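1. from the sequence below, what's the structure:
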Amino acid sequence: MNKLPDGPQIPEWLQLIYWVANPLKYLEQCVERYGDTFTIRLSASKTLVILSHPQAIQEVLTAPPSQFKSGERNKLLQPLVGETSMTLLDGQPHQRQRKLLIPPFHGQRINSYSKLICDITEQVASQWVIGQAFTARSAMQDITIQVIMEGVFGLGEGTRYQKIKPLLAAMLDMTASPLRSSMLFFNFLQRDLGAWSPWGKLVRRRQQIYNLLQEEINQRREQPELMGNDILSLMMSARDENGELMSDQELKDQLLTLLFAGHETTASALAWAFYWIHRLPTVRQKLLEEIDSLGDHPNPMAIAQLPYLTAVAYETLRIYPVAFLIFPRITTAPITIMGHHYQANTTLVPCPYLTHRREDLYPDSDQFKPERFLEGQYSAYEYFPFGGGNRRCIGATLAMLEMKLVLAKVLSDYHLALAQDKIIKPARRGLGITPENGVPMVMTGQRFAKDSPKPATVNSI
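-> Numbering: from 1, shown residues only. A predicted model of the protein is given here:
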């Protein structure tokens, strides 16, 4: 039997506690001690081989999809996204769902959401008050949840919208800290002890969301004139190669998957971007000069092509990729990766966070330097914040567009500053990573007629 790569020898339960509480620190300690490839053991059934060398990443992501199963390892997502979620499927069922979902997320379909993104950003930002602190991540969540509600779910107003929005927010907040997230990792916490127990609340909120989504699906079937350009409408009319539509359960599970994959992640990435932009005045200055060069009321697609803005978005996702690991791959047969032989049923996990922190690829890797994406190019195995292979995030194009348009809109119209002069560290939120305090900010004024960029001052609130 082939031996797994070295890794920590401390008890599994202790490794799991470190993993839930501070995964990035644990990963950094392991890579420093054991090198590019190491094994962590979180339970008797959860042994993970962590990979961060670009060659290893390439060999995993370019291997035939039949070489791996991924859905099986994602079972801890099931309470959030349902049994038929694309993330939990393998083989032909996974391929079918992916084919049905890809078209709404590409080409002109994506471009058609640009005005919606700008309008929602303007509406949320217009509520900020000069001198009054707000949390960047919460404000960004407000934007991203509305983009998903309207662009994906097709709900922009009405009683169903008013009911479903707070339910979604409440369900997301249930995994808002390492402590709350722990119920996804520890099976003994997954017990429905009634409506007031944490797990009971999660189960009931998900069911309420399902009921409201079912009402929406039923209404659109009965009144076809309600079908629009939103992603739910496109999903409802999409047919697979056998001419079959998605079932109601599949529709609801994929909608929840898109919500969890595209809402929290984009909001956290935007919060990080605002932090770096306002912590580093030269970055803000360059961004404003580039955005202002487009003149008043620029075309959203012109904004999306701006090179420095794009580099800022890329660097934000490099330094703290929201998904610090991508989907695990469980080997279905023996495989050799970078000369190491692995038996069937070995779980291989590519780690963007560690790859993005390699000094040989990204000198001064702990520094925020957008210029590195203007001066050089990185392969899909050196930079992969959205995963790769047949499991690459299908919403990557929409997420990048949303990041760039929100940043450009806010920076064009408002002077913001960090509310505290302190270094912000990453913290676990659910299965991802977010700024530990959400990035407190304050609006110091509005920008009129592209006035000269004021240096952001730090305000103690």
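
2. how far away is residue 144 from residue 395?
-> Per Cβ to Cβ, to the nearest Å, residue 144 is found 11 Å from residue 395. All C-beta atoms are positioned from the backbone trio N, CA, C, and that covers glycine.

3. who's more crowded, those two?
-> Applying other Cβ atoms under 10 Å to residue 144 and residue 395 shows that residue 144 carries more neighbours, namely 27 against 23.

4. OK, contacts around the more buried one?
-> 262-264, 266-267, 270, 402 (Cβ atoms under 8 Å, 6 or more residues apart in numbering).

5. which strand or helix spans it?
-> Per DSSP states H and E, residue 144 falls inside helix 136-147.

6. in that helix, what's buried?
-> For helix 136-147, the neighbour count (16 or more other Cβ atoms under 10 Å) marks 136-137, 139-147 as buried.

7. what's the average pLDDT for that helix?
-> Taken as a whole, helix 136-147 carries a mean pLDDT of 92.

8. again, but for stretch 62-76
-> On average, stretch 62-76 scores 80.

9. same question for stretch 247-266.
-> Mean predicted lDDT for stretch 247-266 stands at 84.

10. may I see the buried residues of it?
-> For stretch 247-266, by 16+ other Cβ under 10 Å, it's 250-266.

11. what's the single longest helix in this structure?
-> Secondary structure of the chain per DSSP state H: the longest helix is helix 198-222.

12. and it, what does it pack against?
-> Helix 198-222 sits against helix 78-81, helix 159-173, helix 231-237, helix 248-262, with contacts defined as 3 or more Cβ pairs under 8 Å, 6 or more residues apart in numbering; DSSP states H and E.

13. what segments of the protein are strands?
-> Remark: strands assigned in the chain by DSSP state E are 37-43, 46-51, 68-69, 133-135, 329-331, 335-337, 340-342, 347-350, 414-418, 426-429, 432-435, 440-446.

14. make a markdown table out of the ones you listed and add distance to residue 206.
-> Output for the strands of the chain, formatted as a markdown table (distance: least, Cβ to Cβ, whole Å):
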| stretch | distance to residue 206 |
| --- | --- |
| strand 37-43 | 25 |
| strand 46-51 | 24 |
| strand 68-69 | 25 |
| strand 133-135 | 26 |
| strand 329-331 | 26 |
| strand 335-337 | 36 |
| strand 340-342 | 36 |
| strand 347-350 | 27 |
| strand 414-418 | 35 |
| strand 426-429 | 18 |
| strand 432-435 | 19 |
| strand 440-446 | 31 |
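
15. and of the ones you listed, who's closest to residue 112?
-> strand 414-418 (26.1 Å; Cβ to Cβ).

16. can you name the residues bridging to the closest residue to residue 444 other than its chain neighbours?
-> In this structure, residue 444 finds its nearest non-sequential neighbour in residue 415, 4.6 Å apart by Cβ to Cβ, 6 or more residues apart in numbering. Beta bridges link residue 415 to residue 445, judged by DSSP bridges.

17. now the helix holding residue 144 against helix 159-173, angle please.
-> Counting by axes from the mean of the first three to the mean of the last three Cα atoms, to 10 degrees, helix 136-147 lies at 140 degrees to helix 159-173.

18. I'd like the distance from helix 136-147 to the chain centre, please.
-> From the chain centre to the centre of helix 136-147 is a distance of 13 Å (Cα atoms, centre = their mean, to the nearest Å).

19. again, but for stretch 295-302
-> 26 Å.

20. now do it: everything it contacts.
-> 111, 114-115, 117-118, 291, 294, 405, 408, 450.

21. so residue 118 sits against residue 405, correct?
-> Yes. Between residue 118 and residue 405 there is a contact under Cβ atoms under 8 Å: 5.7 Å.

22. my guess is residue 415 contacts residue 442. True?
-> No. If you go by Cβ under 8 Å, residue 415 and residue 442 don't touch, sitting 9.7 Å apart.

23. overlap in contacts, those two.
-> What both residue 415 and residue 442 touch, as defined by Cβ under 8 Å, 6+ apart, is an empty set.

24. who has more neighbours, those two?
-> Applying other Cβ under 10 Å to residue 415 and residue 442 shows that residue 442 carries more neighbours, namely 23 against 20.

25. isn't that one right up against residue 133?
-> Yes. Between residue 442 and residue 133 there is a contact under Cβ under 8 Å: 4.9 Å.

26. looking at stretch 294-308 now, give me its mean pLDDT.
-> Mean predicted lDDT for stretch 294-308 stands at 92.

27. meant to ask about stretch 108-116, not that
-> The predicted model assigns stretch 108-116 a mean pLDDT of 83.

28. so how far is it from its chain's centroid?
-> Worked out by Cα atoms, centre = their mean, stretch 108-116 lies 19 Å from the chain centre.

29. same question for stretch 164-171.
-> The answer for stretch 164-171 is 18 Å, by Cα atoms, centre = their mean.

30. all set, thanks.
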